[in-house]
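Enquirer: pasting the structure only:
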């Protein structure tokens, strides 16, 4: 068994450690899996990912948070609807 030392930016190390924790592996395990696959297939053959919202979704989430806060402060300040048809009519205006 050999040791490998990798130099990473502090933020990158924290990011990769957080990622590994979320997918249930260690940093060492991540690089072992990567190495085995690369050697077996002769390319970077796979993708391991976590769901990240895109910019548009993040913007919508922030808008939603603002609306919730506005509603909490003054419930009558937000238009409410009783049916899906009412919402659809308002959106089509």
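Expert: Nice, thanks for sending it over. On a predicted model such as this, the values are computed, not experimentally measured, just so you know. Numbering: from 1, shown residues only.
Enquirer: please make it C-alpha for all contacts and neighbour counts, starting now.
Expert: OK.
Enquirer: and stretch 67-78, what's its mean pLDDT?
Expert: When pLDDT is averaged along stretch 67-78, the result is 88.
Enquirer: same question but for stretch 5-22, I mixed them up
Expert: 94.
Enquirer: return the set of buried residues in it.
Expert: By neighbour count on 16 or more other C-alpha atoms under 10 Å, the buried set for stretch 5-22 is 19, 20.
Enquirer: am I right that residue 37 is in contact with residue 45?
Expert: Yes - with contact defined as C-alpha atoms under 8 Å, residue 37 and residue 45 form a contacting pair (6.7 Å).
Enquirer: let me know the pLDDT of the residue nearest the centre of the chain.
Expert: The chain has residue 52 as the residue nearest its centroid, 2.2 Å off, counting by C-alpha atoms, centre = their mean. Per-residue confidence (pLDDT) for residue 52: 87.
Enquirer: please report phi then psi for it.
Expert: Per-residue torsions, residue 52: phi -130, psi 130 (degrees, to the nearest 10).
Enquirer: now swap in residue 6 and tell me
Expert: phi -120, psi 130.
Enquirer: tell me the spacing between it and residue 42.
Expert: 21 Å (C-alpha to C-alpha, to the nearest Å).
Enquirer: could you do residue 49 as well?
Expert: Distance from residue 49 to residue 42, by C-alpha to C-alpha: 21 Å.
Enquirer: next one: residue 27
Expert: On the measure of C-alpha to C-alpha, residue 27 and residue 42 end up 22 Å apart.
Enquirer: neighbour count winner among these two?
Expert: For residue 27 versus residue 42, neighbours defined as other C-alpha atoms under 10 Å are more numerous around residue 27 (15 against 10).
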